[in-house]
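[1] test case, fold it:
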Amino acid sequence: MDSSVTYKNKWLRPLLWLGLVPAFGLALPAHADGTWRPLSAVLRNIAAAAPAEAPPLRLLVDVETGTSVAIFEIAATPFAGEVVATPLERRPFVARKVAAVNTPGRIAVLYPDVGEPYRSVFSKIIEGIEDKARGQVLSYPVGTAFNPGDLAAELKRQDVRVVVALGRQGHKAATAVDGGLEVVVGGVLAVPEAEAQAVPVHTLAPDPNLLFKRLKLMQPNVRRVNVVYDPRQNAWLIRLARQAARNLGLELNAVEVQDARAAIKAYQGIVGNADISQDALWLPQDSTTVDEAVVLPLVLEDVWSKNLLLFSSNIAHVKRGALFSLYPSNVDLGRTLASSALGALAGQGANRGVQPLTDVLMAVNLRTASHLGISLSYAQQRGFDSVYPTQ
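    Next up is the predicted model:
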């Protein structure tokens, strides 16, 4: 097969009707006079418009030098710089690369230049990004003394169009680089909502809907979820939590506070008035209401003595006595960030604003479960990703 292989629109249309060619919303018209159009032009359209993980296309093609017609499977890979056409049936044609397709732009990942254990976390997220984007991903560790001008020049030299900013330092670097780049933020606990309206922000705060579903599986009798939060950090999260609670038939008792003293008072009221047969307490990722040094030890002591079910958005709290937590699946999070970046690279836009973590794993404290009278079968225990206390 050589460059004389072409397609005709009248053959393609029936294949679309039959479902043999996925309808990506591509506009592949023939010339106005009905003449043949070179296959290479079609392939460029496919590579530009097809989603990043689109299944291969099936295309009916002909050879101008004869009357043979065959169906070819077209695999378009946006970043590989090439398209491969393979006959679905054995024909005299030999499968080969038939057109060069270059999708403009690259993705750069800016991540904090930190030591372990955080470096390994960011490495796993980048691994997921590279896996989803299939190469053409550039990674730049960013220290506290980076030069925005030098970084901007490097990104421009590498034809970077989209930046995935990991962590606070990565977000800071992406904000400082002035180059009209699309930005996707990930690996952060929170970003002020005003700043997040312009870019997609994938936080490390587990989706309340997922948390509440796991809660009902662990303890079906729970009817009310109590939470103490600082609206400056988590107003967006509580809005999602209210909706999730309604959908699952739960009552959400959300108490607003703005300092640790008020948080302690709110927790004392919740624990003192709790019905242990129906109430649960949720600890969000909130530096005001879940202060690790002052607030958390008091809360853990009170709920343990009251036998009140406590679950958390922080896996470290499971080690200290919370019943369960959801925490990031870092490679899967990377793939999600890559999907958002690929959409931005293709000009499709992305869901802007703060978004909760949906790529999650589950940690459970078996000692706490036993203390609360929750019996977990061996099969259930095997389904948990992390179990404490460790054997």
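
[2] tell me where the model's unsure across this structure.
    1-104, 135, 196, 349-350, 391 (pLDDT under 70).

[3] so what are the domain limits for it?
    Following automatic domain parsing, one finds the domains of the chain at 5-99, 106-205+330-357, 206-327+360-388.

[4] export the ones you listed to a markdown table and tack on mean neighbour count?
    In this view, the C-beta of every residue, glycine as well, is placed from N, C-alpha and C. Listed next are these as a markdown table, based on neighbours: other CB atoms under 10 Å:
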| stretch | mean neighbour count |
| --- | --- |
| domain 5-99 | 15 |
| domain 106-205+330-357 | 19 |
| domain 206-327+360-388 | 18 |
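
[5] for the residue nearest in space to the middle of the chain, what are its contacts?
    In the chain, the centroid-proximal residue (CA atoms, centre = their mean) is Thr336; its distance is 2.9 Å. Shown in contact with Thr336 (CB atoms under 8 Å, 6 or more residues apart in numbering): 128, 186, 202, 358-359.

[6] now do Val183
    162-165, 174-175, 199.

[7] ok, which pair from the residues you listed is furthest apart?
    Spanning the widest gap among the contacts of Val183 are Val162 and Thr175, at 14.7 Å by CB to CB.

[8] the helices in the stretch 201-350 of the chain, which residues?
    208-218, 231-247, 260-273, 295-306, 315-319, 330-345 (DSSP state H, counting those that start in this stretch).

[9] how about these, which one is nearest Arg224?
    helix 231-247 (8.9 Å).

[10] for the closest one, packing partners?
    Where contact means 3 or more CB pairs under 8 Å, 6 or more residues apart in numbering; DSSP states H and E, helix 231-247 is packed against helix 208-218, strand 224-229, strand 251-256, strand 353-357.

[11] give me the element Lys172 is part of.
    Lys172 is part of helix 167-176, with elements assigned from DSSP states H and E.

[12] give me the contact list for that helix.
    109-114, 118, 122, 142-144, 146, 148, 151, 163-165, 181, 183, 185, 187-188, 191.

[13] cool, and stretch 250-265?
    Residues outside stretch 250-265 that contact it (CB under 8 Å, 6+ apart): 212, 216, 222-232, 238, 241-242, 244-245, 266, 269-270, 288-291, 294-295, 298.

[14] kindly report the same for stretch 124-141.
    For stretch 124-141, using CB under 8 Å, 6+ apart, the contacting residues are 52-53, 77, 79-80, 106-113, 151, 154, 158, 160, 164, 166, 186-187, 330-339, 341-342.
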